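In: got a predicted structure here, sequence first:
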Amino acid sequence: MAKYTISVNGQQHTVEADPDTPLLWVVRDYIGLTGTKYGCGMSQCGACTVHLNDQPIRSCVTPISSIRKTAKITTIEGLSANTDHAVQQAWISEQVPQCGYCQSGIVMSAAALLRQKPAPTDADIDLALSGHLCRCGTYPRIRKAVHKAAKMMNDK
């Protein structure tokens, strides 16, 4: 066991964990933020996506020991205080989720995409979200919501 201090959603947290403990379990079990989901544990589905220094990563395969003290981690809870981020608003407006289990990871990747490409093409969206699996098959609504979020962000 070792002590780690990490910044999650703008707050410092000190946890004691085995160095190989995935960030996903630190966020969920040690810090208590359960919006980030466990899907496959092998970086194949994207349900566990969070931002590390504004870049989407798979937290299920990222050991806590690899996180620098100065790193900034953002979970779905930290994307906005009141679900007022444009991506979240577009998701609600377009009624994207069915079961919703995969959606927090997809939202995090979509938010990262729009930070890098404010007016993404369908190909940009498909590429950015290609590693995410949605068993309900809401991909057409996801793409529509990403375009809507881009418009909302660009109209501000």
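Out: It's in. Numbering: from 1, shown residues only.

In: so where does the residue nearest to residue 55 when sequence neighbours are not counted fall, helix or strand?
Out: Nearest residue to residue 55 in three dimensions, chain neighbours excluded: residue 112, at 6.4 Å (C-beta to C-beta, 6 or more residues apart in numbering). Placement of C-beta: from N, CA and C, glycine included. Taking DSSP states H and E as the definition, residue 112 sits inside helix 103-116.

In: rounded mean pLDDT for that helix, please.
Out: Regarding helix 103-116, the rounded mean pLDDT is 97.

In: quick check: domain ranges of the protein?
Out: What the record gives for the chain is the domain set 2-77, 86-155, from automatic domain parsing.

In: so can I have CSV of the ones you listed showing mean neighbour count?
Out: CSV is the format used below for those (neighbours: other C-beta atoms under 10 Å):
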stretch, mean neighbour count
domain 2-77, 18
domain 86-155, 18
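
In: next up, the contacts around residue 28.
Out: Counting by C-beta atoms under 8 Å, 6 or more residues apart in numbering, residue 28 makes contact with 34, 36, 38.

In: residue 5: which of those is nearest?
Out: Nearest to residue 5 out of the contacts of residue 28 is residue 36 (C-beta to C-beta; 19.2 Å).

In: let me know the pLDDT of that closest one.
Out: Confidence at residue 36, expressed as pLDDT, is 97.

In: distance check, it against residue 123.
Out: For residue 36, the distance to residue 123 equals 27 Å [C-beta to C-beta, to the nearest Å].

In: give me the contact list for stretch 124-144.
Out: For stretch 124-144, the external contacting residues (C-beta under 8 Å, 6+ apart) are 39, 43-47, 49, 94-99, 101-103, 105-106, 109-110, 112-113, 117, 120, 122, 146-147.

In: do that again at 6 Å, thanks
Out: Residues outside stretch 124-144 that contact it (C-beta atoms under 6 Å, 6 or more residues apart in numbering) are 45-46, 94, 96, 98-99, 102, 106, 109, 113, 117, 146.
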